[in-house]
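> here is a sequence together with a model predicted from it:
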Amino acid sequence: MNHLHPALDRYLRGDAPHIEHRGVVLLPILHEGMEWASAIHTKLREIRPVAVGIELPETLNPWLKKACALLPGLAVLRYQTSRETPFHVVIESTDPLWEAVRTATEMNIPVSFIDKDLEDYPLVSERWPDSFTLAQLGYDHMVRELLRASLAMGEPAQPPEEEPAADQGVHLMADHLREETMAFHLWEMRQENALVVGVVGLHHVPHILNLLDTELVRPFGRVKRQGVELFQVERDSARVIAMEGAWFRLQYEKWRNTDTPAPGRYELLAELLAESARRYSKEMKTTVSLQSLKQTLVYCRNLALVSGLLAPRVLEIVVGSRSMVDHDFGWILHELLTDPIEGSDQFKATPTLELSLEDLGKATTVIRFQRRVLQRAQRMMHLVKTRPREAFPGEWGSVKDGDYLCSYQPEDVVIENYGGHLKTQASGLLGDMAHRVRPFTDSLMDGLDLRETLRRWHEGRIYVSEEFHRSGKVGSVVVIFDEDSEPEEKYPYKMSWLGEHSQESDMAFYATNPGDQMVGPGISRCEYGGFLMTYPPQRMWPIWQDPWLNWFERKSQILLAAALQLTADPLVLYIAAKPPANQLKRLAGRMGIKIVYMPLGTLPPAKINAIKHFHILKSHETREIAPLYILD
């Protein structure tokens with residue numbers, strides 16, 4: 001390790017609260033993460049210097065105040081290099097450099113950019129702990145450990161004779177030019193009996209301290225730049241290029257104006273998952289369990305650890321949520337996580353610029369969503385497209401009983417096919433019920449069961465099989481997703497439909513009200529509480545107005561009682577979370593009909609979710625435009 005500067009040595013030993021030398025306090029940072037921004041915000045309020053210097057190009061000083069006024073919106077400074085290529089400086093509220101500019105401005109402290117404007121500065125890849133570590137260790141503990149690690153690398157205190165390769169991880173000649181410029185400006189900003197602060201990259205600190213003990217001369221180079229433009233980042237671009245997700249920046253903004261400790265990243269992530277679950281439940285009419293959210297949080301953390309991080313960022317959060325719940329949940333969370341923050345009035349009046357990660361020299365990772373309802377095509381993470389939306393609330397009207405209501409035919413095909421599958425599954429269940437194995441006592445019954453005898457050979461007994469004759473087919477299918485037994489009725493809409501042709505069953509159901517969720521002109525998305533399907537068609541009557549059936553207390557019981565009346569075969573399939581009521585079993589026995597019960601939990605959750613939702617159309621004419629809005 002090189003000889004330590006006395007000011008740095010005092011700080012590393014813990015004898016000094018800051019790195020201070022000759023009236024200059026250096027606040028080291030790493031260049032990303034809201035934890036570093038919050039630490040700089042706190043430090044500047046604690047030190048209260050007379051001036052602040054920021055490690056950004058000095059040629060951009062004329063734009064400092066205008067750029068700061070656009071925060072917390074995401075903005076960018078753009079200018080042309082000598083090679084006629086655009087260069088961009090992103091202005092983000094959780095960037096520690098821009099947080100320093102903003103805090104100093106709010107405190108009426110003079111602030112300026114002090115770095116040298118270099119066009120050919122190489123991109124050096126450095127591996128440091130992510131900013132989550134800072135929240136756990138605290139600013140000073142973290143900085144001391146990072147400085148010790150940096151000094152242990154043996155970086156030279158003097159400029160190298162030859163320029164090394166950028167990927168060697170050593171101090172570059174360009175760094176010495178930058179540090180001379182920063183030290184010169186910090187020295188010029190000094191005032192007697194007062195402190196000035198320099199917010200600089202961590203590995204510049206030892207060299208700036210050494211330069212403050214020398215006779216400083218401003219290095220030769222560019223001091224002005226023409227053609228600088230200031231833009232707000234276009235909304236879709238802002239979802240992609242920001243270092244921090246907009247959700248975290250929004251929570252950071254709420255914290256800035258309080259005296260409470262900075263929020264933890266995992267606490268904010270838990271709030272994000274909970275809010276996404278609420279929106280998912282409202283839009284998809286399906287709840288996400290607390291256990292699923294916990295598993296999602298753990299999986300996001302594991303993805304981060306695999307990537308060498310201690311806390312997940314946007315990519316890991318979106319991929320983890322999509323994988324642990326489903327693509328719809330991942331999309332809703334992505335929309336919430338990246339929804340851009342509204343900036344100041346100056347921000348809204350600033351011209352807009354579209355940007356991509358490639359424009360900033362960063363790699364792009366594509367995330368595809370296969371949404372069940374809201375989109376058909378796979379989407380890239382940075383191409384945010386949705387189905388058509390209402391130009392104004394109420395444009396699409398409503399769907400009421402007075403209209404000539406009809407179903408959406410592709411959904412009819414799906415539910416008819418699945419109804420046939422359930423009938424086949426019920427027949428297989430009956431086959432299992434018609435076969436019984438028992439130990440041999442006084443009769444061989446229907447023959448020796450060799451498989452069971454060998455499987456249980458250790459018991460020293462012989463097993464025989466007994467077959468029961470079961471005949472008949474399933475004539476009606478009743479599926480109950482929710483008995484709707486709470487005082488507040490969740491599924492108030494009750495309807496009976498006749499099959500439109502010989503291959504379609506009659507149907508009765510109770511569901512959410514048409515018109516509660518309009519997805520297109522005259523197109524309402526609804527959710528079944530339960531339904532009855534019976535074949536052959538054209539035999540259904542208005543069961544919800546039948547006084548005999550209304551004797552039953554629950555809508556699920558009315559559907560099963562109607563199924564017993566309508567079935568043309570001796571079997572009725574009943575799928576629900578709970579078995580049918582005993583009174584209905586007795587009624588079926590008196591009618592010579594058997595109710596075959598299957599627990600709802602035996603059906604795949606994905607299939608339940610698919611058939612539970614359907615659409616009601618205002619008229620047959622609406623079927624022509626329905627595929628534009630129902631994107632299953």
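Perfect, thanks for sending it. Residues are numbered from 1 along each chain as shown.

> which element is D442 on?
For D442, there is no host helix or strand (DSSP states H and E).

> so how far is the longest strand belonging to the chain off the chain centroid?
In the chain, taking DSSP state E as the definition, the longest strand is strand 523-534. Relative to the centre of its chain, strand 523-534 is centred 29 Å away, using Cα atoms, centre = their mean, to the nearest Å.

> so which bits of the strand or helix carrying A37 are buried?
Under the criterion DSSP H and E, the helix or strand holding A37 is helix 34-47. Buried residues in helix 34-47, counted by 16 or more other Cβ atoms under 10 Å: 34-41, 43-44, 47. The way it works is simple: take the backbone N, C-alpha and C, and place the C-beta from them, glycine included.

> with stretch 127-144 instead?
By neighbour count with 16+ other Cβ under 10 Å, stretch 127-144 contains the buried residues 129-135, 139-140, 142-144.

> cool, stretch 321-336 as well?
Neighbour-count burial for stretch 321-336 flags 321-322, 324-334, 336 (criterion: 16+ other Cβ under 10 Å).

> cool, stretch 415-431 as well?
Quick answer for stretch 415-431 (16+ other Cβ under 10 Å): 415-416, 418-419, 422-423, 425-427, 430.

> any chance of the buried residues of stretch 321-336 in TSV, plus pLDDT?
What follows is those, written out as TSV (pLDDT from 0 to 100):
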residue	pLDDT
S321	95
R322	93
M324	93
V325	92
D326	90
H327	90
D328	91
F329	93
G330	94
W331	93
I332	94
L333	95
H334	94
L336	95
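
> in strands, which of those residues fall?
With strands taken from DSSP E, there is no overlap with the buried residues of stretch 321-336.

> closest to A304 out of these?
S321 (13.2 Å; Cβ to Cβ).

> residues making contact with the helix holding A37?
With contact meaning Cβ atoms under 8 Å, 6 or more residues apart in numbering, helix 34-47 is reached by 18, 25, 27, 29-30, 52, 93-96, 98-100, 103-104, 107, 109, 131-132, 134-135, 139, 195, 197, 199, 244, 248-249, 252, 255-256, 262, 265.

> helix or strand right after that helix?
strand 51-57.

> helix or strand next in line after that following strand, which one?
Past strand 51-57, the next helix or strand by DSSP H and E is helix 64-69.

> now that next one - C-alpha only, PDB.
Taking C-alpha atoms only, helix 64-69 is exported to PDB below (Å, rounded to 0.1, in the frame of the first residue of the first chain):
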ATOM      1  CA  LEU A  64     -26.500  23.300 -14.200                       C
ATOM      2  CA  LYS A  65     -29.500  25.300 -12.800                       C
ATOM      3  CA  LYS A  66     -31.800  24.500 -15.800                       C
ATOM      4  CA  ALA A  67     -31.000  20.800 -15.500                       C
ATOM      5  CA  CYS A  68     -31.500  20.800 -11.700                       C
ATOM      6  CA  ALA A  69     -34.900  22.500 -12.100                       C
END
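
> report all helices and strands that that helix contacts.
Applying 3 or more Cβ pairs under 8 Å, 6 or more residues apart in numbering; DSSP states H and E, we find helix 64-69 packed against helix 96-106, strand 111-115, helix 345-348.

> following that helix, which helix or strand comes up?
strand 75-80.

> so how far is whichever strand or helix holds H421 off the chain centroid?
H421 is part of helix 409-433 when elements are defined by DSSP H and E. Centre-to-centre, helix 409-433 and its host chain are 35 Å apart (Cα atoms, centre = their mean).

> for that helix, what is the average pLDDT?
For helix 409-433, mean pLDDT is 78.

> list the helices and strands that helix packs on?
Partner elements for helix 409-433 (3+ Cβ pairs under 8 Å, 6+ apart): strand 474-480, strand 523-534, strand 571-576, strand 594-599, helix 605-612, strand 613-617.

> how about a cut-off of 6 Å?
If you count contacts as 3 or more Cβ pairs under 6 Å, 6 or more residues apart in numbering; DSSP states H and E, helix 409-433 packs onto strand 474-480.

> hang on, the earlier thing: ok, so of the buried residues of stretch 415-431, who is nearest K607?
Y418 (7.1 Å).

> got the contact list for that closest one?
I611 (Cβ atoms under 6 Å, 6 or more residues apart in numbering).

> do you know how far it is from E229?
Going from Y418 to E229 by Cβ to Cβ, to the nearest Å gives 58 Å.

> ok, now D140?
If you go by Cβ to Cβ, the gap between D140 and E229 works out to 39 Å.

> now do S443
From S443 to E229 the distance is 96 Å (Cβ to Cβ).

> of these two, which one has the most company?
E229 (14 against 9; other Cβ atoms under 10 Å).

> for the more buried one, give me its contacts.
R78.

> could you do the one 5 residues further on as well?
The contact partners of E234, taken as Cβ under 6 Å, 6+ apart, are 352, 354.

> now swap in G201 and tell me
E55.

> at 10 Å instead, please
Residues near G201 by Cβ atoms under 10 Å, 6 or more residues apart in numbering: 28-31, 55, 96-97, 115, 126, 175, 178-179, 182, 208.

> hang on, the earlier thing: so which of the buried residues of helix 34-47 is the closest to T602?
M34 (46.7 Å).
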